[in-house]
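Student: heads up, no residue letters with this:
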């Protein structure tokens with residue numbers, strides 16, 4: 001093993017951080033074939049600065065094939081993204097000297113299509129340097145003995161600010177001559193520094209670094225028990241959002257779970273759960289409340305309760321692949337996953353696909369977590385891509401021996417909401433607060449309150465309600481409010497209250513319909529052919545809705561979205577939106 005602590009510098013302009021937001025993970029790019037004459041190819045962006053997140057096509061001169069990483073400023077404004085070959089800035093230009101981030105024959109062969117090594121790159125800020133950013137990444141090289149398996153090197157890049165965006169140095173190794181198969185990181189208990197971990201392929205063996213204002217230090221190599229067989233297969237690491245546990249999923253062997261000490265960087269209390277039939281899967285994520293571990297094999301998604309006395313016995317199958325295929329005929333099975341800033345877990349599919357799966361309520365046990373297969377229709381195809389983010393919104397471990405910097409977990413309130421499909425006045429709120437809230441206080445704007453973390457509330461009647469969540473801990477409090485317009489649109493003059501997005505268009509097997517900032521009484525989408533014959537009618541609510549079109553032949557159609565059950569002006573209902581919809585083969 002060769003170790004080099006020389007740091008790599010990419011120089012950029014970063015906005016001043018707002019310590020109360022830390023929205024660094026709000027821009028997810030994916031897709032390939034930009035500017036193609038086939039409108040279903042191109043770049044897709046998932047933008048979490050909106051609630052629900054906005055998804056749109058954004059053609060740019062960069063292809064993604066497995067590898068993707070991105071980074072926003074603390075307010076969610078895009079700063080950088082990469083496909084493992086080129087570093088791109090917020091104006092979508094290649095940053096000066098930001099070419100060839102990985103080198104060698106694999107990078108050369110993937111130069112135009114993008115690096116093919118998913119979950120291999122992560123941006124993290126350099127502690128106490130608000131204008132400096134590191135891109136830590138895994139590189140692949142041919143192996144003299146293993147041939148196509150390749151030797152994987154762990155490399156790092158630093159982003160620094162000198163008035164311009166440029167790469168000052170790149171591709172200098174942290175580890176050499178070690179077959180790295182996974183990468184993850186978590187905040188140190190002081191709330192400033194970072195622990196960085198790399199798993200060694202085919203072994204329960206790890207390397208760790210501590211990243212502080214002086215750079216990387218405290219390199220450690222250690223092996224955990226139990227050991228596992230020497231197998232050439234991928235494995236993936238994740239930390240719980242609160243940093244108290246680390247889990248590793250080895251797809252041909254099983255799941256390894258450890259308690260983690262954010263002060264010392266030590267792992268304790270190992271739990272091994274054999275899962276011999278989970279080949280081809282790769283996803284591992286933990287719920288926002290750090291209780292439920294989700295493992296995705298190719299054909300199933302499993303949930304484990306990390307708070308159970310016997311974690312293995314808590315295993316529950318929360319999804320079985322339903323046979324859905326992409327338009328190319330590829331099976332839309334389960335591959336890798338990532339916890340989103342909206343509290344959902346997103347799961348991609350192998351090969352070429354235009355859908356994502358989503359766990360709607362990861363904090364809920366069993367089927368209540370509601371995994372919606374291919375529930376997110378994308379405007380373009382992607383290939384294996386899924387970004388990889390640590391928990392940027394993790395603060396210090398208050399009261400620990402390492403809580404020495406005077407940083408405090410001042411809570412930040414945030415929530416999302418979903419409307420019940422059978423009672424439009426009933427709304428389920430999902431808490432998205434962070435920085436260790438200890439108490440929750442909801443004011444629903446109708447003279448009622450709740451102290452539940454994520455309550456379900458029924459409003460008394462149509463109207464506008466300002467819903468406020470206040471979170472409190474020993475260090476302070478914070479309030480977040482949103483106005484809910486429930487069933488208030490009853491005339492054409494009030495339509496401007498409703499924000500509706502319909503995409504992708506053209507489409508293949510379905511379209512998303514997003515209603516933002518309005519909760520309808522009984523909204524319905526109606527699809528017509530060119531002769532005016534009604535083909536489909538479906539009830540929709542606020543937020544995400546999917547209109548399935550597998551049974552509809554390719555062609556030109558028209559849609560109308562009405563506020564009311566029986567659309568049409570004679571019934572006194574209000575037409576909210578209408579347009580043309582193109583379905584292609």
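Tutor: Structure's in. What do you need? From a predicted model like this one, the values you see are computed outputs, not experimental measurements.
Student: where does pLDDT dip in the stretch 151-300 of the chain?
Tutor: Regions of the stretch 151-300 of the chain meeting the criterion pLDDT under 70 cover residues 151-163, 229-234, 276-280.
Student: burial count for residue 110?
Tutor: By the criterion of other Cβ atoms under 10 Å, residue 110 has 21 neighbours. (Glycine included, C-beta is placed from N, CA and C.)
Student: then residue 39?
Tutor: 15.
Student: quick one, what contacts it?
Tutor: Counting by Cβ atoms under 8 Å, 6 or more residues apart in numbering, residue 39 touches 506, 584.
Student: repeat that for 6 Å
Tutor: Counting by Cβ atoms under 6 Å, 6 or more residues apart in numbering, residue 39 makes contact with residue 506.
Student: can you give me phi and psi for it?
Tutor: phi -70, psi -10 (degrees, to the nearest 10).
Student: do you know how far it is from residue 396?
Tutor: 48 Å (Cβ to Cβ, to the nearest Å).
Student: cool, residue 526 as well?
Tutor: 54 Å.
Student: likewise residue 517?
Tutor: Using Cβ to Cβ, residue 517 is found at 35 Å from residue 396.
Student: the residue nearest to the spatial centre of the chain and residue 484, how far apart?
Tutor: Residue closest to the average C-alpha location in the chain (Cα atoms, centre = their mean): residue 340, at 3.3 Å. From residue 340 across to residue 484, the span is 22 Å (Cβ to Cβ).
Student: for residue 360, what are its contacts?
Tutor: 344, 370.
Student: give me the pLDDT for it.
Tutor: We note a pLDDT of 97 for residue 360 in this prediction.
Student: same deal with residue 98?
Tutor: For residue 98, pLDDT reads 90.
Student: got it, and the one 4 residues further on?
Tutor: Residue 102 carries a pLDDT score of 84 in this model.
Student: could you find the closest non-adjacent residue to it?
Tutor: residue 139 (4.7 Å; Cβ to Cβ, 6 or more residues apart in numbering).
Student: what's the local residue count around that neighbour?
Tutor: 25.
Student: wasn't it part of a strand?
Tutor: Yes - assessed by DSSP: H, G, I helix; E, B strand; the rest coil, residue 139 belongs to a strand.
Student: gap between it and residue 323?
Tutor: Following Cβ to Cβ, the distance that separates residue 139 from residue 323 is 37 Å.
Student: contacting residues for residue 103?
Tutor: Residue 103 touches residue 171, counting by Cβ under 6 Å, 6+ apart.
Student: and if you look at residue 561?
Tutor: 525, 576-577.
Student: just the ones of those residues in strands?
Tutor: Among those, the ones falling in strands (DSSP state E) are 525, 576-577.
Student: run a quick neighbour tally on the residue lying closest to residue 462 once chain neighbours are set aside.
Tutor: Distance criterion Cβ to Cβ, 6+ apart; nearest residue to residue 462, sequence neighbours excluded, is residue 487 at 3.6 Å. Residues lying near residue 487 (other Cβ under 10 Å) number 18.
Student: I'd say residue 487 and residue 518 touch.
Tutor: No - with contact defined as Cβ atoms under 6 Å, residue 487 does not reach residue 518; the gap is 8.9 Å.
Student: quick check: the gap between the residue lying closest to residue 508 once chain neighbours are set aside and residue 380.
Tutor: With Cβ to Cβ, 6+ apart as the criterion, residue 508 has its nearest non-adjacent residue at 4.8 Å, and that residue is residue 327. Counting by Cβ to Cβ, the gap from residue 327 to residue 380 is 12 Å.
Student: what about those two, which has more around it?
Tutor: residue 380 (25 against 14).
Student: and that one, backbone torsions?
Tutor: Dihedral angles for residue 380 - degrees, to the nearest 10 - are phi -140, psi 170.
Student: then the one 4 residues further on?
Tutor: Taking degrees, to the nearest 10, you get phi 70, psi -10 for the backbone angles of residue 384.
Student: show me what residue 483 is bridged to.
Tutor: On the basis of DSSP bridges, residue 483 is bridged to residue 466.
Student: ok so, going back, higher neighbour count, residue 526 and residue 396?
Tutor: It is residue 396, of residue 526 and residue 396, that has more neighbours when counted by other Cβ under 10 Å, with 23 against 17.
Student: which stretches in the stretch 51-200 of the chain count as helices?
Tutor: Counting by DSSP state H, counting those that start in this stretch, residue ranges of the helices within the stretch 51-200 of the chain are 105-109.
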